[in-house]
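Participant: sequence unknown, structure follows:
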């Protein structure tokens, strides 16, 4: 099997762990962070499992809609507003509503 740059990157990031197990662990970290730091997701995920044991279980979680973002964009923020470097408003495809705002944190992790 030919090793591509992506394969090497995935191996480095997953520390040799099974890719699906790594994805599940990272997804659980993300769900936990969103639930603990975002007022929107804390409310949306109320009653949902604290963690999932398979990627298939993700289908139990509700979708976020463009309307949710338009109605309460700051409810999604998971960092202090002091840590937001800039707000970017982008025209997006797939919706006829108002443009969505995206927040760029001061620091990012790789």
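Facilitator: Looks like it came in fine. Just so it is clear, the structure is predicted and the values come from calculations on it, not from any experiment.
Participant: the domain parsing of this structure - what is it?
Facilitator: 1-61, 63-110 (automatic domain parsing).
Participant: and the longest one, what's its mean pLDDT?
Facilitator: I take that to be domain 1-61. Averaging pLDDT along domain 1-61 yields 88.
Participant: what sits up against stretch 4-13?
Facilitator: With CB atoms under 8 Å, 6 or more residues apart in numbering as the test, stretch 4-13 has contacts from 19, 22. No exception for glycine: its C-beta is placed from N, CA and C like everyone else's.
Participant: Go ahead and flag the most central residue of this protein.
Facilitator: residue 30 (6.0 Å; CA atoms, centre = their mean).
Participant: just to confirm, which helix or strand has that residue in it?
Facilitator: helix 19-37 (DSSP states H and E).
Participant: What is that helix packed up against?
Facilitator: helix 5-14, helix 39-44 (3 or more CB pairs under 8 Å, 6 or more residues apart in numbering; DSSP states H and E).
Participant: starting at the chain centroid, how far to it?
Facilitator: A distance of 9 Å separates the centroid of the chain from that of helix 19-37, by CA atoms, centre = their mean, to the nearest Å.
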